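*Asks:* Kindly return the folded structure for what I paste below:
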Amino acid sequence: MNRLCLSAALLFLLVILVDSTLVNIHHIQHEGHVKTSGAQLKNHTLLALYGAVMTVHITDNCPLIPADSRPAFCLEPKVVGHGTTKMPRYFYNAKTGHCEPFTYGSLGGNKNNFLTLEDCMETCGQGAGSLW
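*Replies:* Numbers count the residues shown, from 1 in each chain. Next up is the predicted model:
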């Protein structure tokens, strides 16, 4: 998690802690807060900060959801090659989001060509490069 996201998360938690603290009514009686049993909670600040923190997460691409770190070649189409030797291989199908088998012709092709299903999944499959 980058430092900006960590700072925003800590600030958010700090405001929750401060906002849940009871405040003496006599000091805030005319500020439009809701009265509760002789004490009052300042919840409006929490909502305002929650919106600000969510804005930071959205605009700064903080890793709430890990970024797609698949190599670009995972998006390349299957290329069977043009050799005469036929080999079983796997490629990542970006349309289906799965690694699929194909027969490779031993010459030509591209990097979207894996010896094993496991190699394909580790490189291009769900969660590839994820920190989670």
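
*Asks:* Val80 is in contact with Ser106, isn't it?
*Replies:* No. Assessed by Cβ atoms under 8 Å, Val80 is found out of contact with Ser106, at 9.9 Å. For the C-beta atoms, the positions are set from N, CA and C on the backbone; glycine is no exception.

*Asks:* Next, the distance between the ends of stretch 101-115.
*Replies:* With Cα to Cα, to the nearest Å as the measure, the first residue of stretch 101-115 is 10 Å from its last.

*Asks:* Now do the buried residues in that stretch.
*Replies:* 102, 104-105, 109, 112-114 (16 or more other Cβ atoms under 10 Å).

*Asks:* Nearest to Lys95, out of the residues you listed: which one, please.
*Replies:* Closest approach to Lys95 among the buried residues of stretch 101-115 (Cβ to Cβ): Asn112, at 12.5 Å.

*Asks:* which SSE is the closest one in?
*Replies:* Taking DSSP states H and E as the definition, Asn112 sits outside all helices and strands.

*Asks:* if we can go back for a sec, return every residue with contacts to both of Val80 and Ser106.
*Replies:* Common neighbours of Val80 and Ser106, using Cβ atoms under 8 Å, 6 or more residues apart in numbering, do not exist here.

*Asks:* rewinding a little: so which pair among the buried residues of stretch 101-115 is furthest apart in space?
*Replies:* Taking Cβ to Cβ as the measure, these span a maximum distance of 15.4 Å, between Gly105 and Phe114.

*Asks:* Thought Asn112 was touching Glu76, still the case?
*Replies:* Yes. Using Cβ under 8 Å, Glu76 is in contact with Asn112, at 4.5 Å.
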